[in-house]
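J.: Using only what follows, build the 3D model:
(4 chains)
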2 protein chains.
Amino acid sequence: MPANRAATRRDNQRHRTRKDLLEAAARLLQRGGVPGMDEVAAEAMVSRATAYRYFPSVEALLVEAPLDGLIPGPERVFPADDESTDPAERIDRAEAALHDACYRYEAQLRRMLAASLARTAKGSRRDGVPVRQNRRTLLIEAALAPARRRLSKSAYARLCAALAIVLGAESMIVFRDVLGLDERTARKVKSWAVRSLVAAALKDSDKRR
Amino acid sequence: MPANRAATRRDNQRHRTRKDLLEAAARLLQRGGVPGMDEVAAEAMVSRATAYRYFPSVEALLVEAPLDGLIPGPERVFPADDESTDPAERIDRAEAALHDACYRYEAQLRRMLAASLARTAKGSRRDGVPVRQNRRTLLIEAALAPARRRLSKSAYARLCAALAIVLGAESMIVFRDVLGLDERTARKVKSWAVRSLVAAALKDSDKRR
DNA sequence: CTTGACATGAGACGCAAGTCTCATTAGTGT
DNA sequence: ACACTAATGAGACTTGCGTCTCATGTCAAG
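T.: As a prediction, this is how the structure comes out:
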């Protein structure tokens, strides 16, 4: 057999089967509820056994189900023709964008969060599962760009970290599960918090001159 | 039958059964691994059916179990002879206490957080059942007590909610998993953030007079 | 064309979660 | 003391997850 061969039909088939499963899972997730392996397999027109041949568990499948493009990047929130310079207004806009995405895809984000927590708690067993990535920092840095020169390096890092706590999906967990607050209230609180934090950082640096 | 009756033997019995279940769960958790309802019930020397009569699911039990005594309450952070009045200093002290507990029991908190996330992602069936218990708000309110009169009701609620985002175990997840920051840095960022938020809230209210 | 490896389908199986019913024990009020 | 009711135990039952085996159709190399 050829040692190094480009994609054969079998490879294509495997790739398609895997993709079909992920897309089926995404469809079912968007339709609401949490599908079982049976449902996903049926939706993908594949037998249950085959589904388990590609993913070790339902969770593994659901975690990988397409989330790409759902979370807005800096280029969507701050288009090229955007000329705003007020960092508080910009960070609030970034927060609003992330807020909407978080609540729209709440179930999926919760699942990813839970999966990453389980992984770090037990000790990385699987390397196939996607590692947790950081989209919020890009957004925060883009929002803070106009004010970056006004802050010392450490103050800037501190502000970014503090904002990262507020901007992510984790704050949604706190609002809903711990505090029992609705989405609108959460948005107001976060809006006030991020604006206050930016203002505080800027005031700190002004004082030091 | 008496309409308003003090604790009868039945009440005591119920209370003891519930406590036995929680303690059994805590024991098993500390021993490592994630016990099933069968194990917890056996450890508590109670039938499985009874366990389900007190807790709607295994997770509900596990989430409540191991937190007792681990997270410091207001009375530990603010003893009766405490006479501090600076809300920023007090909230920082509360943050420090919660911070230490979070990092000391990190593994356990991660497990519980993952469990509660998995549950809410799956079900959406039980809306009445509190997903997580909320110990941080007690701490926050105790810390803010000296300044409560200086804030409007809505500003006070907003500040409490914002602080709840920073004070919990979720921020630890962000610091470690998303930002990759160590404990000392996390503490510094949170300390600055909570102080800034309290100061901002107080300044807001002063401005409005 | 033939042979073996491969992707899949079908379904049985064990396991744990959660629900439900019925019987038993023990407090509760009269 | 008596009837009543609440707390529990025991166990059957359903459902979904994950594993396993076997049969079938198909691709690939000689």
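
J.: Check the secondary structure at the spatially most central residue of chain A for me.
T.: With distances taken as Cα atoms, centre = their mean, residue A:71 lies nearest the centre of chain A, 5.9 Å away. Following DSSP: H, G, I helix; E, B strand; the rest coil, we place residue A:71 in the coil state.

J.: likewise residue A:162?
T.: Classification of residue A:162 by three-state DSSP places it in helix.

J.: Now do the contacts for residue A:113.
T.: When contacts are counted by Cβ atoms under 8 Å, 6 or more residues apart in numbering or on different chains, residue A:113 touches A:169-170, A:173, B:117, B:173. C-betas here are computed from N, CA, C, even on glycine.

J.: For those residues, which ChimeraX command selects only the ones that are buried?
T.: Restricted to buried positions by 16 or more other Cβ atoms under 10 Å in any protein chain shown, the ChimeraX selection for those reads:
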select /A:169,170,173 /B:117,173
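
J.: rewinding a little: surely the residue nearest to the centre of chain A is in contact with residue A:98?
T.: Yes. Contact criterion Cβ atoms under 8 Å: residue A:71 and residue A:98 qualify, at 7.3 Å.

J.: Now do stretch A:138-153, average pLDDT.
T.: Averaging pLDDT along stretch A:138-153 gives 95.

J.: Is that stretch positioned near chain B?
T.: No. Against chain B, stretch A:138-153 shows no contacts by Cβ under 8 Å from any Cβ of the partner chain, the least distance being 10.6 Å.

J.: Distance from that stretch to the middle of the chain?
T.: 21 Å (Cα atoms, centre = their mean, to the nearest Å).

J.: First-to-last residue distance for it?
T.: Chord length of stretch A:138-153, first to last residue, is 17 Å (Cα to Cα, to the nearest Å).

J.: what's next to that stretch, contact-wise?
T.: Under Cβ under 8 Å, 6+ apart, the answer for stretch A:138-153 is A:72-74, A:77-78, A:84-87, A:90-91, A:93-94, A:97-98, A:156, A:159-160, A:163-164, A:167, A:198, A:201-202, A:205, A:208.

J.: pLDDT score for residue A:86?
T.: At residue A:86, pLDDT is 95.

J.: Please apply the same query to residue A:5.
T.: According to the prediction, residue A:5 has pLDDT 47.

J.: Kindly report the same for residue A:70.
T.: In this prediction, residue A:70 carries a pLDDT score of 80.

J.: Name the next helix or strand following the worst-scoring helix or strand of chain A on mean pLDDT along the chain.
T.: For chain A, scoring each helix and strand by mean pLDDT, DSSP states H and E identifies helix A:106-122 as the least confident one, at a mean of 74. Moving toward the C-terminus from helix A:106-122, the next helix or strand (DSSP states H and E) is helix A:136-144.
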